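A.B. asks: Need a 3D model of the sequence below.
(one chain, ligands or ions: 1)
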Amino acid sequence: MRIAVIGGGRMGTGLGGAFARAGHDVHVGSRDGARAEAKAREIGAAGSGSYAEVAQAADAILLTVPWWAVSETLALLGDVDRKILIDVTNPYKDETYAEQHVWPGSSGAEKIRDQTGAQVVKAWNHVFSRVVSETTFDGAAPTVFIAADDAVSKEAVASLARETGYDPVDAGPLAAARYLEPLAGLMVTMAYGVGLGPQIALKLLRR
Ligand SMILES: NC(=O)c1ccc[n+]([C@@H]2O[C@H](COP(=O)([O-])OP(=O)(O)OC[C@H]3O[C@@H](n4cnc5c(N)ncnc54)[C@H](OP(=O)(O)O)[C@@H]3O)[C@@H](O)[C@H]2O)c1
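C.D. replies: Numbering: from 1, shown residues only. This is a model prediction of the structure:
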């Protein structure tokens, strides 16, 4: 699959690198051409470009920018109507990462869908970037909850998750992002408030 990574930060390079190692055609997009090239080289991606260049050529877009940059970033992508857009963002209000926006009857993911018309798939938003870079926990695969309305897009992302060492779990329609976004807040509280650190992940048990 041709995947555009939007934002060359921790989540973009971590997940983008994992997709590249799994054999996908990954292209890194950055606001800065030289940074895009350097990040692409670092993670073994096939290419790089501006946000618009990589997004327009992609089958799937991995959105990995901070919430406060989401709306302006989406506006730079061009027409992404009906494309798969993997949303790992959490709607933190600012750089302190202290508080998320809460919208009654909506979520960050639904706002991204409304702005773009893309097939938005919420995934990996509750997985720390340290875990994204190294998924193994004594042989157990971390759960990645996946919320989306379009079954084909959801399965494509579940397949990416399986190929990169996760246990994908169908968390329901995109509206379930209303629960997945606060779940990331719980992970951050446990990691940095309680002191467990960012080498923790969730595992759904089934029987
Ligand atoms: N870090 C985690 O453990 C983690 C876990 C789950 C979810 N998330 C979510 O994933 C998203 C990315 O997190 P991250 O930790 O990867 O962030 P990061 O390391 O700060 O990288 C974010 C990237 O976004 C791009 N960007 C575009 N506009 C920006 C702006 N106005 N200010 C800053 N960066 C901007 C930058 O890439 P270019 O300069 O290359 O364009 C930057 O490298 C966030 O929404 C976060 O809530 C993070």
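
A.B. asks: hey, let's count contacts and neighbours off CA atoms from now on
C.D. replies: Noted.

A.B. asks: Next, the distance between the ends of stretch 168-180.
C.D. replies: Taking CA to CA, to the nearest Å, stretch 168-180 runs 14 Å from one end to the other.

A.B. asks: Quick check: mean pLDDT of that stretch?
C.D. replies: Confidence over stretch 168-180 (mean pLDDT, whole number) is 98.

A.B. asks: which outside residues touch that stretch?
C.D. replies: For stretch 168-180, the external contacting residues (CA atoms under 8 Å, 6 or more residues apart in numbering) are 105-110, 120-122, 125-126, 143-149, 158, 161-162.

A.B. asks: What residues of it count as buried?
C.D. replies: Neighbour-count burial for stretch 168-180 flags 168-169, 171, 173-178, 180 (criterion: 16 or more other CA atoms under 10 Å).

A.B. asks: Please apply the same query to stretch 145-153.
C.D. replies: By neighbour count on 16+ other CA under 10 Å, the buried set for stretch 145-153 is 145-149, 153.

A.B. asks: Could you do stretch 51-65 as well?
C.D. replies: Buried positions in stretch 51-65, judged by neighbour count with 16+ other CA under 10 Å: 51-56, 58-65.

A.B. asks: The helix or strand bottoming out on mean pLDDT in the chain - contacts with which helices or strands?
C.D. replies: Sorted by mean pLDDT, DSSP states H and E, the helices and strands of the chain end with helix 129-133, the least confident at a mean of 90. With contacts taken as 3 or more CA pairs under 8 Å, 6 or more residues apart in numbering; DSSP states H and E, helix 129-133 sits against helix 10-21.

A.B. asks: outside of the helix it packs on, which residues touch it?
C.D. replies: Counting by CA under 8 Å, 6+ apart, 5-6, 26, 28, 39, 43-46, 62-64, 129, 132-133, 160, 164 sit against helix 10-21.
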